[in-house]
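Engineer: Sequence and predicted structure below; questions after.
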Amino acid sequence: MNKVKKVATINDLSGVGRCSLTAAIPVLSVLGVQCCPYPTAILSCHTGFDNYTFLDITNEMISYKEAWDSLNINFDCIYSGFLGSEEQIDIVLNFVKGKEQALVVVDPVMGDNGVIYNTFTENMCSKMRYLVSIANIVTPNLTEACILTGDIYDKYNTSDEKIIEIAKKISDMGPEKVIITGIIRENKIFNFAYDKKIGEFFKVESDFNHESYSGTGDIFTSIIIGLLLNGHDLNYAIKNATDFIFKSIEFTSKFKSDSREGIMFEPCLKELILINEYKQ
Ligand code: PXL
């Protein structure tokens, strides 16, 4: 076990838009966890912008893994996010093999608001279902949860019963902890969690200002990972990740910013230090 926990963070590097690695690196670092980037692609901005460059680095990922494996680096956690091709999902599956000690967290980045990202094919969705099945923790939004289970995305039917049913279906695929993020009900937004081991289901709510910012899912999952690796429980992690995002949105909304630029979380990062230090 590492004194400072190590997270192999498989995600893209997007120059503008505060998502993926540019969210994971600062958040994990401030939580006292080492973020070891395993990049999947390099983009000038994330894909929500009208113009961006996209350098796929699938081939580099293979030699990157081989070099890491040859050094027997001991990761406490493997965290995967945006994956650009079927081959990249296979590379992640291969990377996880033989690292049974690592907590495997999969954010199945596939779509949002009922729409699948146009880089995501049906074959990639099937492979993603397999990757989810070998994860310990998954953090889909409702769109992604429905893609995983085959349920129809219906933003008007997000009753607790429906979300519990979907979370349990995902959990039956394999993961012990399923967190479904960003369920909107009028002026509130909820994150739901189901923990199969203790049979517990809970939800955390926060105010919703009807503005959707990029990258909040990546910040959320990074906070959950940092807090869990430091020994906090899931309920505490979700409550504080939700509050942190709410406070960052509150700050961001004071300015006329482009929501694709993400939330201005930088001035709020210091709060994560206090949240992390607090032990009941
Ligand atoms: O935050 C999800 C995400 C990550 N990486 C890239 C994206 C997106 C969402 O659009 O485009 C490149």
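Structural biologist: The structure has been received and is ready for your questions. Numbers count the residues shown, from 1 in each chain.
Engineer: Output the set of residues of the chain in proximity to the ligand.
Structural biologist: 12, 14, 19-20, 43, 46-48, 82, 109, 214-215, 217-218 (Cβ under 6 Å from any ligand atom). (C-beta placed from N, C-alpha, C; glycine too.)
Engineer: Mind telling me the two of those farthest from one another?
Structural biologist: Using Cβ to Cβ, those reach their maximum pairwise distance at 43 and 217, which is 16.5 Å.
Engineer: So which of the residues of the chain next to the ligand sit within strands?
Structural biologist: With DSSP state E as the criterion, strands contain 12, 14, 43 from among the residues of the chain next to the ligand.
Engineer: With neighbour count and pLDDT added, can I get those in CSV?
Structural biologist: Listed next are these as CSV, based on neighbours: other Cβ atoms under 10 Å; pLDDT from 0 to 100:
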residue, neighbour count, pLDDT
12, 26, 97
14, 28, 98
43, 22, 96
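Engineer: export the residues you listed to CSV and tack on distance to residue 93?
Structural biologist: Below are these laid out as CSV (distance: Cβ to Cβ, whole Å):
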residue, distance to residue 93
12, 18
14, 24
43, 23
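Engineer: quick one: which of those is nearest residue 189?
Structural biologist: residue 14 (23.4 Å).
Engineer: Isn't that closest one up against residue 48?
Structural biologist: No: judged on Cβ atoms under 8 Å, residue 14 makes no contact with residue 48 at a distance of 9.5 Å.
Engineer: For residue 61, state which of the residues of the chain next to the ligand is nearest.
Structural biologist: Nearest to residue 61 among the residues of the chain next to the ligand, with distances taken as Cβ to Cβ, is residue 12, at 11.3 Å.
Engineer: Tell me how many other residues crowd the closest residue to the closest one other than its chain neighbours.
Structural biologist: In space, residue 12 comes closest to residue 41 once its chain neighbours are excluded; the distance is 4.3 Å by Cβ to Cβ, 6 or more residues apart in numbering. For residue 41, the neighbour count with other Cβ atoms under 10 Å is 23.
Engineer: Residue 41 is in what secondary structure piece?
Structural biologist: Residue 41 belongs to strand 34-45 when assigned by DSSP states H and E.
Engineer: Quick one: list the elements packing against the very next helix or strand once past that strand.
Structural biologist: Later in the chain than strand 34-45, the nearest helix or strand by DSSP H and E is strand 54-56. Secondary-structure packing of strand 54-56 (3 or more Cβ pairs under 8 Å, 6 or more residues apart in numbering; DSSP states H and E): strand 34-45.
Engineer: Show me how far the strand it packs on is from its chain's centre.
Structural biologist: For strand 34-45, the separation from the chain centroid amounts to 14 Å (computed by Cα atoms, centre = their mean, to the nearest Å).
Engineer: Same question for stretch 242-253.
Structural biologist: Distance, centroid of stretch 242-253 to centroid of chain: 17 Å (Cα atoms, centre = their mean).
Engineer: what is the mean pLDDT for stretch 53-66?
Structural biologist: When pLDDT is averaged over stretch 53-66, the result is 95.
Engineer: Same question for stretch 101-110.
Structural biologist: The model assigns stretch 101-110 a mean pLDDT of 97.
Engineer: Output that stretch as PDB, nothing but the C-alphas.
Structural biologist: C-alpha atoms of stretch 101-110 as PDB (Å, rounded to 0.1, in the frame of the first residue of the first chain):
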ATOM      1  CA  GLN A 101      -5.600  -4.800  -5.200                       C
ATOM      2  CA  ALA A 102      -6.700  -1.700  -7.000                       C
ATOM      3  CA  LEU A 103     -10.100  -0.100  -6.600                       C
ATOM      4  CA  VAL A 104     -11.500   0.100 -10.100                       C
ATOM      5  CA  VAL A 105     -13.700   3.200 -10.700                       C
ATOM      6  CA  VAL A 106     -15.300   3.500 -14.100                       C
ATOM      7  CA  ASP A 107     -17.100   6.700 -15.100                       C
ATOM      8  CA  PRO A 108     -18.800   5.400 -18.300                       C
ATOM      9  CA  VAL A 109     -18.600   8.700 -20.200                       C
ATOM     10  CA  MET A 110     -21.000   8.000 -23.100                       C
END
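Engineer: Correct me if wrong, but residue 147 is in a helix.
Structural biologist: Yes: under DSSP: H, G, I helix; E, B strand; the rest coil, residue 147 sits within a helix.
Engineer: neighbours around it, how many?
Structural biologist: Using other Cβ under 10 Å, residue 147 is surrounded by 22 other residues.
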